[in-house]
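S.K.: This is a predicted model, with the sequence first.
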Amino acid sequence: MGSRILVINPGSTSTKVAIFNEGKIDFDAEVSHPRERIDKFSTVMEQKDFRSAAVMALIKDEHEKGTPDMVVGRGGLLKPIPGGPYSISDEMISDLESGRYGVHPCNLGAMLAREFAEQWGVPSMIMDPVVTDEMDPVAKVTGLPEIKRRSVFHALSQRGVARSVAAEMGLEYEQAKFIVGHMGGGVSIGAHRYGKVVDVINALDGEGPFSPERSGTLPILPVLNLVESGQYSFDEMRKVITSRSGVLGLLGTNDMREVQARMEDGDDEARLVLDALVYNASKHICSFIPALMKDDPQKRPIDAIILTGGVARSELLVKAVEEVVGFIAPVKVVTGLEEMEVMGRGGLAVLRGELQPQEYKS
């Protein structure tokens, strides 16, 4: 059996594709989707044909070299499940289409993977979906009985970079302790304790620091007042919190390169927002120290703080965060296609029979 694998990863404002052959990247590309273009769609599901056309445009020339043997899509918002590979089933597609467990562009990953796989008559799967749930029970408790915190985070990215850094440091991931921050359009931070992600900041539910386009944690009562006053409907407020706030809401752009350029040109507002972004990210990174010390009789020190994602490409921002949190542990930065590589490696392991895809049930 061959091992040519197409990987599809739709994000908030971009779609990435990569083609792996025998575990090595033959091709990778990314198309950015301007916010004004994405906002023309009323729902995420309406983006499907637009994203499908974007994928085909990216791989058109590569597809002429041969049909992939498998298609791997980014896992979406499903019910809480263990990590690992899952075959894309009718029940999975149904839950993603209906938004039963939440709505996000990553829901399109499995749908696009299956669409292309069916055209070519090959299997499709997801790997380490964002709903991977290994949280300590105590981390799910809130002060409101009707609400429990849930595990939704950049599982692929976080676990992939954590394993890479562990190997670099001569450690086994299952014997190490990391704080991992994925800093992209949304920010998720995870406490990785001995091979399990025991607590996470769930950026999708409005937790954590603000990001290029999300609000992060907000005082609850003023938010309720905005809805009650009629300034925002419930649906409008949801959209603002998840895609129209953060740096975008404060400065009118979600491009951190533009923010940095404006700051360097003497824009005091841009400087304040960037300083606030660093402060908030650092504050929430520090908040995971208890999660990594809990249930550890040896109280081993934290091995590293790992930053990844598009925002982590900013040397200015990374250096500023490191100055604040570097006393906790060494700060490591991993950028690039790590998320795509994890998906490709998972697909290869399934094709080789090293991993068996699990079956998703609603």
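M.R.: That came in fine, so what should we check first? None of these values were measured; they are calculated from a predicted model.
S.K.: alpha carbons only for contacts and neighbour counts from here, please
M.R.: OK.
S.K.: Tell me how far the residue most central in space within the chain lies from residue 68.
M.R.: A centroid search over the chain (Cα atoms, centre = their mean) returns residue 154, at 3.0 Å, as the residue closest to the centre. For residue 154, the distance to residue 68 (Cα to Cα, to the nearest Å) stands at 26 Å.
S.K.: Likewise for residue 112?
M.R.: Using Cα to Cα, one obtains 14 Å as the distance from residue 112 to residue 68.
S.K.: you'd agree residue 332 is in a helix?
M.R.: No - according to DSSP: H, G, I helix; E, B strand; the rest coil, residue 332 belongs to no helix; its state is strand.
S.K.: Can you check the pLDDT for it?
M.R.: Taken from the predicted model, the pLDDT recorded for residue 332 is 97.
S.K.: Count the residues that sit near it.
M.R.: Residues near residue 332, counting by other Cα atoms under 10 Å, number 17.
S.K.: List the contacts of the helix or strand of the chain with the lowest mean pLDDT.
M.R.: Least confident helix or strand, the chain: helix 35-38 with a mean of 84, by mean pLDDT, DSSP states H and E. Contacts made with helix 35-38 from outside it, assessed by Cα atoms under 8 Å, 6 or more residues apart in numbering, are listed as 13, 47.
S.K.: Please work out how many residues are found near residue 102.
M.R.: 17.
S.K.: no, scratch that, I was asking about residue 98
M.R.: With neighbours defined by other Cα under 10 Å, the count for residue 98 comes to 11.
S.K.: what pLDDT does it get?
M.R.: Per-residue confidence at residue 98 stands at 95 (pLDDT).
S.K.: for the stretch 251-362 of the chain, what spans make up the strands?
M.R.: 304-308, 331-333 (DSSP state E, counting those that start in this stretch).
S.K.: Likewise for the stretch 1-150 of the chain?
M.R.: Ranges of strands within the stretch 1-150 of the chain are 4-10, 14-21, 24-32, 70-74, 85-87, 124-127, based on DSSP E, counting those that start in this stretch.
S.K.: And the longest one, how far out from the chain middle?
M.R.: What that stands for is strand 24-32. Taking the mean C-alpha point of strand 24-32 and that of its whole chain, the gap between them comes to 18 Å (Cα atoms, centre = their mean, to the nearest Å).
S.K.: tell me which residues in that strand are buried?
M.R.: 25, 28, 30-31 (16 or more other Cα atoms under 10 Å).
S.K.: what does that strand contact?
M.R.: With Cα under 8 Å, 6+ apart as the test, strand 24-32 has contacts from 13-20, 54, 58, 62.
S.K.: Could you pull up the mean pLDDT of that strand?
M.R.: Across strand 24-32, the average pLDDT comes to 89.
S.K.: on that earlier part again, could you let me know which of the contacts of strand 24-32 ends up closest to residue 228?
M.R.: residue 13 (30.3 Å; Cα to Cα).
S.K.: For that closest one, list the residues it contacts.
M.R.: Going by Cα under 8 Å, 6+ apart, residue 13 touches 32-35, 38, 185.
S.K.: Can you pick out the most distant pair from those?
M.R.: Checked with Cα to Cα, the contacts of residue 13 reach their widest spread between 38 and 185, with 13.6 Å between them.
S.K.: what ranges do the helices span in the chain?
M.R.: Per DSSP state H, the chain carries helices over the ranges 35-38, 48-63, 90-98, 108-120, 137-140, 155-168, 220-228, 234-243, 246-251, 256-264, 268-286, 289-293, 315-325, 338-351.
S.K.: Check the ones you listed for me: which has the lowest mean pLDDT.
M.R.: Across the helices of the chain, helix 35-38 has the smallest mean pLDDT, namely a mean of 84.
S.K.: in it, what's buried?
M.R.: 35, 38.
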